[in-house]
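Student: sequence-free structure coming up:
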């Protein structure tokens, strides 16, 4: 049977037999770690089902309204569901939130007024957020143009610098922001324990400061979420973890009710807030995506761990390392070679469900200062909970792997990457 399987893979996917043996050998060492991910998945699945029961989800909730969207019961229930799952007082979950960056910008614009101070405590933010803030490109309506005072606290050895953070925050600071995931840097995501420690210190000294977490890529990677350990507001994308690969688009914000009220007034208008806004027949898909999300995230975690283990074994620096605790679904691999980054992404694309026949190349992507290559053959366009990889074409030439709705597809992608790297003589095994 195993020999037949190898023959099928070689015939259908043009995979080197040595690549199959190599990946299987690495995989066999990860069974205990996979079991840990299964336990996290189990608890989060129960959490989701409990939320569905709490809101008394019914088949009739999947219908949607037209016009202004008044009295949309399904919309109200999806937002109550998000608030329950992520332990917030209220939530805003809308298809009209275009992306994770939009969700973050909306949150900041809703909370901050001219003259307020915002501090990023996790170092320089992700490329697109630099544009939102006004650090690059000077786009109209950026935060600095809107008279928001901005500071950031550099990381210390890729960790949160508690002393510097506490010294930088002052009584005039309105909002403190932590980016949980790495973005296009080369650090691992901050764990729940690390976030809780710094949030406790901040709140003890500055109880009135608002703590916001960019939760993109981190949902359901642990049994707790940032609102449970001291954060006031979190935001993210529905085409990442919580959408489960089914949500067609959108974003979410969850947290304190007074903050959600402000943010809702920003997305519509003061006095309208959450009471208007169509769901465009996405309510069922958002519930279905959330239902599958804990399982999908577990599959993605296993895939990310497999890639870390493979390339660590081959001598490449990976973040996080094989035995690091994971707090997002991303594995970053430092290739130090532009050709290897490009080949890695092209091999991932070949294992995709959609556009597997397409060869991605670096391009000038809006919001980024460098050319970016993206392998993104997902059923939902741009979905990074689906099998995907990307990276900016700049030194030290790092590829960022994430997603995979099924571990089986991720394993196939690993076979393809190693097979292609062997044929290019990039590696020896």
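Tutor: Sure thing, it's come through. Keep in mind the model is a prediction, meaning the values are calculated, not measured.

Student: ok, and what's touching the longest strand that the chain contains?
Tutor: Criterion DSSP state E: the longest strand present in the chain is strand 173-179. With contacts defined as Cβ atoms under 8 Å, 6 or more residues apart in numbering, strand 173-179 is touched by 108, 111-112, 116-123, 125-126, 129, 160, 169, 190, 195, 198, 202, 206, 209-214, 231. For the C-beta atoms, the positions are set from N, CA and C on the backbone; glycine is no exception.

Student: so how far is residue 242 from the closest residue to residue 278 other than its chain neighbours?
Tutor: Here the nearest residue to residue 278 in space, its sequence neighbours aside, is residue 69; by Cβ to Cβ, 6 or more residues apart in numbering that works out to 4.5 Å. Separation of residue 69 from residue 242 (Cβ to Cβ, to the nearest Å): 21 Å.

Student: ok, now residue 219?
Tutor: In terms of Cβ to Cβ, residue 219 sits 5 Å off from residue 242.

Student: returning to what we had before: show me what secondary structure element comes after the longest strand of the chain.
Tutor: For strand 173-179, the following helix or strand on the C-terminal side (DSSP states H and E) is helix 192-205.

Student: Give me the helices and strands touching that next one, please.
Tutor: Secondary-structure packing of helix 192-205 (3 or more Cβ pairs under 8 Å, 6 or more residues apart in numbering; DSSP states H and E): helix 162-168, strand 173-179, strand 210-214.

Student: Try it again at 7 Å.
Tutor: Contacts defined by 3 or more Cβ pairs under 7 Å, 6 or more residues apart in numbering; DSSP states H and E place helix 192-205 against helix 162-168.

Student: Report all helices and strands that the helix it packs on contacts.
Tutor: With contacts taken as 3+ Cβ pairs under 7 Å, 6+ apart, helix 162-168 sits against helix 192-205.

Student: quick one on the thing from earlier: tell me which of residue 69 and residue 242 has more neighbours.
Tutor: residue 242 (30 against 17; other Cβ atoms under 10 Å).

Student: ranges for the strands of the protein?
Tutor: Remark: strands assigned in the chain by DSSP E are 90-94, 117-120, 149-152, 173-179, 210-214, 233-237, 251-255, 317-319, 330-334, 372-375, 388-392, 398-402.

Student: Endpoints of stretch 149-160, how far apart?
Tutor: Using Cα to Cα, to the nearest Å, one end of stretch 149-160 lies 21 Å from the other.

Student: Going by neighbour count, which residues of it are buried?
Tutor: Buried residues in stretch 149-160, counted by 16 or more other Cβ atoms under 10 Å: 149-150, 152-153, 155, 160.

Student: Could you single out the nearest of the residues you listed to residue 97?
Tutor: The shortest approach to residue 97 among those belongs to residue 150, at 22.6 Å (Cβ to Cβ).

Student: Which residues are in contact with the closest one?
Tutor: Contacts for residue 150 (Cβ atoms under 7 Å, 6 or more residues apart in numbering) come out as 118, 133, 143-144.

Student: Likewise for residue 73?
Tutor: Residue 73 makes contacts with residue 61, as judged by Cβ under 7 Å, 6+ apart.

Student: Kindly recompute the last result at 8 Å.
Tutor: Residue 73 touches 60-61, counting by Cβ under 8 Å, 6+ apart.

Student: again with the one 4 residues further on
Tutor: Contact partners of residue 77, counting by Cβ under 8 Å, 6+ apart, are 55-57, 61.

Student: mind putting those in a markdown table, distance to residue 264, neighbour count and pLDDT included?
Tutor: Converted to a markdown table, the contacts of residue 77 look like this (distance: Cβ to Cβ, whole Å; neighbours: other Cβ atoms under 10 Å; pLDDT from 0 to 100):
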| residue | distance to residue 264 | neighbour count | pLDDT |
| --- | --- | --- | --- |
| 55 | 19 | 18 | 99 |
| 56 | 23 | 9 | 99 |
| 57 | 22 | 19 | 98 |
| 61 | 20 | 19 | 97 |
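
Student: Could you dump those residues into a markdown table and include distance to residue 355?
Tutor: Putting the contacts of residue 77 into a markdown table (distance: Cβ to Cβ, whole Å) gives the following:
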| residue | distance to residue 355 |
| --- | --- |
| 55 | 37 |
| 56 | 41 |
| 57 | 35 |
| 61 | 34 |
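
Student: now, which of those residues sits nearest residue 413?
Tutor: residue 57 (34.7 Å).

Student: check contacts around the closest one.
Tutor: The neighbours of residue 57, taking Cβ under 8 Å, 6+ apart as the test, are 77, 81, 287.

Student: how far away is the nearest residue to the second one once chain neighbours are set aside from residue 286?
Tutor: The shortest distance from residue 81 to any residue other than its chain neighbours is 4.7 Å, reached at residue 51 (Cβ to Cβ, 6+ apart). In this structure, residue 51 lies at 13 Å from residue 286, with Cβ to Cβ as the measure.

Student: Look at those two and report which has more neighbours.
Tutor: More crowded of residue 51 and residue 286, by other Cβ under 10 Å: residue 286, with 30 against 19.

Student: before we move on, back to that, would you check that the residue nearest to residue 81 makes contact with residue 88?
Tutor: No - using Cβ atoms under 8 Å, residue 51 is not in contact with residue 88, being 11.5 Å away.

Student: Can you give me the pLDDT of the residue nearest to residue 81?
Tutor: Note on residue 51: pLDDT of 99.

Student: Retrieve the pLDDT associated with residue 367.
Tutor: Looking at residue 367, its pLDDT reads 68.

Student: do the same with residue 81
Tutor: Value for residue 81, per-residue pLDDT: 99.

Student: try the one 4 residues further on
Tutor: Per-residue confidence at residue 85 stands at 99 (pLDDT).
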